[in-house]
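*Asks:* what shape does this take:
(chains A and B)
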Amino acid sequence: MSRLALRAAALLAVAGLTLAACGNDKSAAPGLRAVKGVAADLFKRGKSDAPPAVLTRAQLAGFNTPMLMAEVKTANVLLYLVPFGQNGGVETWATSDDRTLSFRDGVLVATRGLGPDIMQAEVPSRAQLAAGRGSHGRAYYYLDGNDKIRRQSWSCTLSDRGVETIAVVGMQHTTRHVVETCTGEGGEMTNEYWFEGGGYVRKSKELIMPEWGYAEVSRVVDKP
Amino acid sequence: MTILAARKARLLVATSLIALGAHHAAFAEMAPAPGLNTYGVPGLLDMPSGEALPDGYLTTSMAGFGSTLRTTLSFQISPRLSASFRYTGVQHWNRTTGLDNQFNTYYDRSFDVRYQILTEGQYRPAVTVGLQDFLGTGLLSAEYIAATKHISPRLKLTGGLGWGRLGSHGDIGSPLGDRDPVDVGEGGKVNFGQWFRGPVAPFAGVEWQATDKLSLKAEYSSDAYELEDEKRQTMELKNPFSFGAEYQVNENLRLGGYYMYGSEVGFSAQFTMNPGARPQGNVNDTAPDPVKARPARAADPEAWSPEWVTQPDVGPVLIENLNKRLKADGLLVEGIRYQGDTVRVTVRNDRYDAEAQVIGRVARAMTNVMPASVERFEIVPVVNGIPASQVAVRRSDVEQLEFAPDAAAQLRQRVEIGEADPLRGTGMVMNPDLYPRFRWNLGPYLRASLFDPEAPVRAEVGARLTASFELAPGQLLSTSIAQPLAGNLDKGDPPSPSDSPNPPPRVRSNVSLYDQEGAPAIEHLTWAWYAHPTATIHTRITAGYLERMFGGVSAEVLWKRSDSPFGLGAEINYVKQRDFDQLFGFQDYDTVTGHVSGYLEFAHGYHAQVDVGRYLAGDIGATLSLNREFDNGWKVGVFATKTDMSAEDFGEGSYDKGITLSIPFTWSLGTPSRDVASTTLRSLSRDGGARLEVEGRLYETYRDYDTSGLDGQWGRFWK
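*Replies:* The predicted model follows:
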């Protein structure tokens, strides 16, 4: 950390007047913004070891809006999301700082604002998944570093792991655990679903991008 | 729950707790690249190999042994063709003359080209033909043909034949005739008469990939280092064998250590970049507003009523509602026109490098704001207040395709991209808050001069004030004032007296005087008027202090169809030379300069530009520029200008030429930005073939938004 901080400080020193810059034209002085960006990155990297704080059940009780908690452990990301929009069968949930997850009937089909986003996806239906057996195809559409769309496809099989009691922020839920094992050009990946009361997705762990990680999504506040 | 309630609820939740790691290697897409030799091209230690870098790769290498240091920039122009620019420094160059001191480092620049005539097959080696230092003063001049074959995945052999410098040790005769003597002269000439002539000598080597990171190299060299070993005595060559080890630290960095020619210790640092892939992978950006689907007509007939168009003041209200949603995206709606089921908006983009993302964000905002009876969105990006192009999107397509597999390609088939009509007299309701518009910024700057023959790097930092005042769409007053604070840019030598009997006017070679005296300097202070008289024609008139060295009037016209790879432009300027202090005064020299320019994208990502006309010193000629452009905005190019000024009048280099690099900030930082870091590596600032540097030339200003520019990053529509 101290070495990173030193590097950042050196960068700031090179820019000289970093903090003195002012004006209403944010597109000006690109070099300065670059230096600031790199410095911010370095500091952020230093801090990223600390796990983000989690809301308690008591804190959640104050909300009367449905809410999702989504965690990407590999990237140290924790999001709280509320319903934001609906188009056809797809519901989009958003954080207060404009990051969104979109689900078709409870199954993740798109993300925005994370960086490595799922642009679109071909996914099985919730009913298919809840059946806990059978096989199906799956595909994700991503943007690459030259802004081209790349399709990554998987072939998946389902297995039912039986009844499991899980805790979601201090509350116990009796669920049926279904595991979706997939193989493809990207290697292997495993999505998991915990269905409650027939087919309600209480919790899931779904791939965002193989190189980045999985989102663990829990429904922490239900519709009042 | 309504959207509004959701927005409110979102605000109740504390800002999402997020600690994004600075790097995620998603789609970093670096292919394994061969190691480089001390000349910075694929090879062994000093000898080249038959290999090529992956297409589009850009490498920078620094390699030194003994008193020689070579810095080389290499670019793989196409899968088989590559080019290199090299800056060589040799210390103790005057050792034998008794004038040896710290100032006698010899600096030289050189260019190479390589072409891979055969790629490696099961039995066939990779074969490359190369021309080394084919333009410069010829000190490093050599030609070679080199073949490389993997014997096993970890072991590869290289053998080749060299001419020129690479035929100077152990030659086997001169099969293709004698070699012309080196004509040092002013340099810059293509040495056709030498290519593959004179003694030819074999070279060979082996590279063993000991582990995934470590490789060991050995070679037999065909370079006798005659000049360095004997005449200049800057190194001692004991035998033709060299050995080394290289370590791949990560995908971007490779380090090497060598024992060269039985006498010298050497090193190299090799930096590899793939412009076609961002180091951070994806662009990190906030989410857009999702598409809002309209209610079914039967369910809510009132929402579908077209009556709204008759309401007074509906235009400004719609503009305001759109801008509320687009503000966070750095976008600004300037005007609106509605007619039947069509709404056209003009939009200013201050944020996105990907123009398609602008269209996508505006289209989604429009689904949230426009009355249900509006079906056709015509989105017109404007630059300097002037339309650049027009993208027509059907609202029902946006609604249906938002989450469809491969939504970008599917939508693209249903979108029309074309030229925008000139706006004047077309019933636009303008954003009442927009003009006049004053913007300013005070911040630091860095200016550098690289690879000067006297000093590798000169730089200066200081403070710069920029301000612009937009009086009306297309009318812009702007200025930039710089105050240098520290650096050695002003330590450049004053221009040396020309040895030509008719020296050309000093239109650029006085640069060191401008560097020394401009404190503060008015870098420009101009009034510009951009217009769009017909759908395919843009015009510009700029008057005032146009650049650091010249002021006057500049007029330009550009013809370009949105769907055509060809553009045609013309520019005429009357300018007077400014005082060295870069305040308000002028010197005596004035001239008329101007060009006719043709622009062509001759293959996807490959651009050519030809400018024919009269340059600042009154010389007449043409400039040819070739660029490889990546869809993410990276550009790598070369240019050369030949005019009727003689090589003797021009001075070292014979004519103006150089390399241009443009790196979008989005690529480096992974966050959206329209900023680009550009640099030109060129011969000295000479007076021949010099062009006026006026801001806001039309082709580069508007073409990002034409069909090719939008399609290159169309995937970002839904980002």
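
*Asks:* need the contact list for residue 55.
*Replies:* Looking at chain A here, since you left the chain open. By Cβ atoms under 8 Å, 6 or more residues apart in numbering or on different chains, the contact list for A:L55 reads A:69, A:80, A:169, A:220. Glycine gets a C-beta too; all of them are placed from N, C-alpha and C.

*Asks:* look at chain B instead
*Replies:* B:D55 neighbours (Cβ under 8 Å, 6+ apart): B:76, B:78-79.

*Asks:* send over whichever strand in chain B runs longest as PDB, restricted to the C-alpha atoms.
*Replies:* In chain B, assigned by DSSP state E, the strand with the most residues is strand B:586-603. Listed next in PDB are the C-alpha coordinates belonging to strand B:586-603 (Å, rounded to 0.1, in the frame of the first residue of the first chain):
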ATOM      1  CA  PHE B 586       3.500  39.800 -35.900                       C
ATOM      2  CA  GLN B 587       6.800  39.500 -37.800                       C
ATOM      3  CA  ASP B 588       7.200  40.500 -41.500                       C
ATOM      4  CA  TYR B 589       6.700  37.100 -43.200                       C
ATOM      5  CA  ASP B 590       3.300  36.400 -44.600                       C
ATOM      6  CA  THR B 591       2.100  33.800 -47.100                       C
ATOM      7  CA  VAL B 592      -0.800  32.100 -48.700                       C
ATOM      8  CA  THR B 593      -0.900  28.400 -48.000                       C
ATOM      9  CA  GLY B 594      -3.600  25.800 -48.800                       C
ATOM     10  CA  HIS B 595      -4.300  22.300 -49.900                       C
ATOM     11  CA  VAL B 596      -6.700  20.100 -51.700                       C
ATOM     12  CA  SER B 597      -7.200  16.900 -49.700                       C
ATOM     13  CA  GLY B 598      -8.500  13.500 -50.600                       C
ATOM     14  CA  TYR B 599      -9.500  11.000 -47.800                       C
ATOM     15  CA  LEU B 600     -10.100   7.300 -48.400                       C
ATOM     16  CA  GLU B 601     -10.800   4.300 -46.100                       C
ATOM     17  CA  PHE B 602      -9.500   1.700 -48.600                       C
ATOM     18  CA  ALA B 603     -10.000  -1.300 -46.300                       C
END
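
*Asks:* what packs against it?
*Replies:* strand B:550-560, strand B:566-578, strand B:606-614 (3 or more Cβ pairs under 8 Å, 6 or more residues apart in numbering or on different chains; DSSP states H and E).

*Asks:* buried residues, the last one. List them.
*Replies:* Using 16 or more other Cβ atoms under 10 Å in any protein chain shown as the burial criterion, the residues of strand B:606-614 that qualify are B:607, B:609, B:611, B:613-614.

*Asks:* now the longest one
*Replies:* Residues of strand B:566-578 classed as buried by neighbour count (16+ other Cβ under 10 Å): B:567, B:569, B:571-573, B:575, B:577-578.

*Asks:* ends of stretch B:228-248, what's the gap?
*Replies:* 31 Å (Cα to Cα, to the nearest Å).

*Asks:* now it: mean pLDDT?
*Replies:* Taken as a whole, stretch B:228-248 carries a mean pLDDT of 85.

*Asks:* tell me the gap between that stretch and the middle of its chain.
*Replies:* 35 Å (Cα atoms, centre = their mean, to the nearest Å).

*Asks:* quick one, helices of chain B?
*Replies:* Using DSSP state H, the helices of chain B run over B:3-12, B:226, B:314-326, B:355-369, B:395-401, B:407-412, B:511-517, B:647-650, B:665-669, B:698-702, B:707-712.

*Asks:* let me know which of those helices is tucked in deepest.
*Replies:* Of all the helices of chain B, helix B:355-369 has the most neighbours on average by mean count of other Cβ atoms under 10 Å in any protein chain shown, namely a mean of 25.

*Asks:* packing partners for that helix?
*Replies:* Short answer (3+ Cβ pairs under 8 Å, 6+ apart): helix B:355-369 packs on helix B:314-326, strand B:331-339, strand B:342-349, strand B:376-383, strand B:390-394, helix B:395-401, helix B:707-712.

*Asks:* in a markdown table, list the ones you listed along with distance to chain A.
*Replies:* Shown next, in a markdown table, are those (distance: least, Cβ to the nearest Cβ, whole Å):
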| stretch | distance to chain A |
| --- | --- |
| helix B:314-326 | 11 |
| strand B:331-339 | 12 |
| strand B:342-349 | 10 |
| strand B:376-383 | 12 |
| strand B:390-394 | 15 |
| helix B:395-401 | 7 |
| helix B:707-712 | 7 |
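
*Asks:* which one of those lies closest to B:A218?
*Replies:* Each of the helices and strands packed on helix B:355-369 was scored for nearness to B:A218 using Cβ to Cβ, and the closest is helix B:707-712 (44.7 Å).

*Asks:* now stretch A:141-151: buried residues?
*Replies:* Result for stretch A:141-151 [16+ other Cβ under 10 Å]: buried residues A:141-149.

*Asks:* and the furthest pair within the buried residues of strand B:606-614?
*Replies:* B:H607 and B:R614 (23.9 Å).

*Asks:* which residue packs closest to B:F639, ignoring adjacent ones?
*Replies:* Nearest residue to B:F639, sequence neighbours excluded (Cβ to Cβ, 6 or more residues apart in numbering or on different chains): B:S625, at 4.0 Å.

*Asks:* pretty sure A:A110 is touching A:E122, no?
*Replies:* No: with contact defined as Cβ atoms under 8 Å, A:A110 and A:E122 do not form a contacting pair (11.6 Å).

*Asks:* tell me what B:W163 is bridged to.
*Replies:* B:E143 (DSSP bridges).

*Asks:* next, count neighbours for whichever residue of the stretch 601-719 of chain B sits closest to chain A.
*Replies:* For the stretch 601-719 of chain B and chain A, the shortest gap (Cβ to the nearest Cβ) falls at B:D675, measuring 3.3 Å. Using other Cβ atoms under 10 Å in any protein chain shown, B:D675 has 19 other residues around it.

*Asks:* what's the answer for A:Q59, then?
*Replies:* A:Q59, neighbours per other Cβ under 10 Å, totals 11.

*Asks:* related to what we said a few turns ago, so which of the buried residues of stretch A:141-151 reach chain B?
*Replies:* Near chain B, judged by Cβ under 8 Å from any Cβ of the partner chain, the entries from the buried residues of stretch A:141-151 are A:141-149.

*Asks:* poorly predicted segments of the chain, please.
*Replies:* Using chain A. A:1-21, A:25-52, A:224 (pLDDT under 70).

*Asks:* think we crossed wires, I meant chain B
*Replies:* B:1-31, B:95-103, B:136-137, B:182-188, B:423-426, B:451-456, B:492-499, B:683-684.
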